[in-house]
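> Could you work out the structure for the sequence below:
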Amino acid sequence: MSLRYNPAHLNRAEFPLVAPDWGELIKLTVALLAIVEPFGTVPLFLGALGVAPPGMQARAARSAAITVFAVLTLSALAGDAILDLFGISIAAFMVGGGLLLLILSVSMLQAKESRIRQTPEEAAEASQSEAIGVVPIGLPLLAGPGAISTVIIYSHETGGGMAGLLAVLLPVAAVSGVVWVTLHGAGAVARRMGTTGIHIMTRVMGLILAALAVEIMARGLLQLFPGLGP
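Predicted coordinates:
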């Protein structure tokens, strides 16, 4: 079953997700990889750790991956409750989340670090923290506002249930695994890809993220203003 918005059917409860759609699983996995951007985090990760011993780097990589999984899983489980608590419609959240992703993608296309992901003050604090794998690497650098909003939107659109939860958690687990592997071998990744290679990867992910952001915003606007549809 596709997760694409159908303006003729606004009630997601009428269309529960019976089984995971592998196309949508791959789409969400690629989207989260573009947002989390583990390869682009490698220079920041190495810079924050400085000349730390390999054992500390391995622990920091593991902590970052666990943090990403925990934060995004909690977002998938509690996303609807948070929106209901503040009285925010999913359509409005989709427009706001899509705009956030679009801003983030512009920074990625320029191969720059967005202040949405990390401010200079947070970067300075990172070098003084003993748990940089958790804060600020895991949160908010990797599992930041963009990733959290994307997980909430997709978890809402799956319609709930065990199959719907798996449709979100499987990509989250896959991305967390990529984070661990990438940061665990951050030194080798930096040597193999180099600055130019990492920037190229960042720009490609930024392009994918820009397209995703426009699609999410369009679906949200169609729900807010049904007259915009065909």
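> Walking through the protein, point out its helices one by one.
Using DSSP state H, the helices of the chain run over residues 22-36, 38-49, 54-86, 90-109, 120-126, 145-157, 161-184, 186-224.
> Output those in a markdown table; the columns should cover distance to residue 139, mean neighbour count and mean pLDDT.
Every C-beta, even on glycine, is put in place using the N, C-alpha and C of the backbone. Below are those laid out as a markdown table (distance: least, Cβ to Cβ, whole Å; neighbours: other Cβ atoms under 10 Å; pLDDT from 0 to 100):
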| stretch | distance to residue 139 | mean neighbour count | mean pLDDT |
| --- | --- | --- | --- |
| helix 22-36 | 11 | 20 | 90 |
| helix 38-49 | 12 | 21 | 85 |
| helix 54-86 | 6 | 17 | 92 |
| helix 90-109 | 16 | 20 | 92 |
| helix 120-126 | 10 | 13 | 60 |
| helix 145-157 | 9 | 24 | 92 |
| helix 161-184 | 12 | 20 | 92 |
| helix 186-224 | 18 | 17 | 91 |
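> what's the closest of the ones you listed to residue 134?
With Cβ to Cβ as the criterion, residue 134 lies closest to helix 54-86 of those, at 5.0 Å.
> tell me which strands and helices the closest one is in contact with?
helix 38-49, helix 145-157, helix 161-184, helix 186-224 (3 or more Cβ pairs under 8 Å, 6 or more residues apart in numbering; DSSP states H and E).
> Show me how far the longest one is from its chain's centre.
Offset of helix 186-224 from its chain centre (Cα atoms, centre = their mean, to the nearest Å): 10 Å.
> and that helix, what other elements does it pack with?
helix 22-36, helix 38-49, helix 54-86, helix 90-109, helix 145-157.
> now do 6 Å
Using 3 or more Cβ pairs under 6 Å, 6 or more residues apart in numbering; DSSP states H and E, the elements in contact with helix 186-224 are helix 22-36, helix 38-49, helix 90-109.
> Redo the ones you listed as TSV? Include distance to residue 147.
Formatted as TSV, these follow (distance: least, Cβ to Cβ, whole Å):
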stretch	distance to residue 147
helix 22-36	5
helix 38-49	11
helix 90-109	9
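> Select, out of the ones you listed, the one closest to residue 215.
Closest to residue 215 of the helices and strands packed on helix 186-224, according to Cβ to Cβ: helix 90-109, at 7.7 Å.
> Only C-alpha atoms, please: export the closest one in PDB.
Provided in PDB are the C-alpha atoms of helix 90-109 (Å, rounded to 0.1, in the frame of the first residue of the first chain):
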ATOM      1  CA  ILE A  90      -0.700  16.600  10.800                       C
ATOM      2  CA  ALA A  91      -1.300  18.800   7.700                       C
ATOM      3  CA  ALA A  92       0.200  21.900   9.400                       C
ATOM      4  CA  PHE A  93       3.000  19.800  10.800                       C
ATOM      5  CA  MET A  94       3.800  18.400   7.300                       C
ATOM      6  CA  VAL A  95       4.000  22.000   5.900                       C
ATOM      7  CA  GLY A  96       6.200  23.100   8.800                       C
ATOM      8  CA  GLY A  97       8.400  20.000   8.700                       C
ATOM      9  CA  GLY A  98       8.700  20.200   4.900                       C
ATOM     10  CA  LEU A  99       9.900  23.800   5.200                       C
ATOM     11  CA  LEU A 100      12.400  22.800   7.800                       C
ATOM     12  CA  LEU A 101      13.800  20.000   5.500                       C
ATOM     13  CA  LEU A 102      13.900  22.400   2.600                       C
ATOM     14  CA  ILE A 103      16.100  24.900   4.600                       C
ATOM     15  CA  LEU A 104      18.300  22.000   5.700                       C
ATOM     16  CA  SER A 105      18.700  20.800   2.100                       C
ATOM     17  CA  VAL A 106      19.800  24.300   0.900                       C
ATOM     18  CA  SER A 107      22.700  24.200   3.400                       C
ATOM     19  CA  MET A 108      23.600  20.600   2.300                       C
ATOM     20  CA  LEU A 109      23.600  21.700  -1.400                       C
END
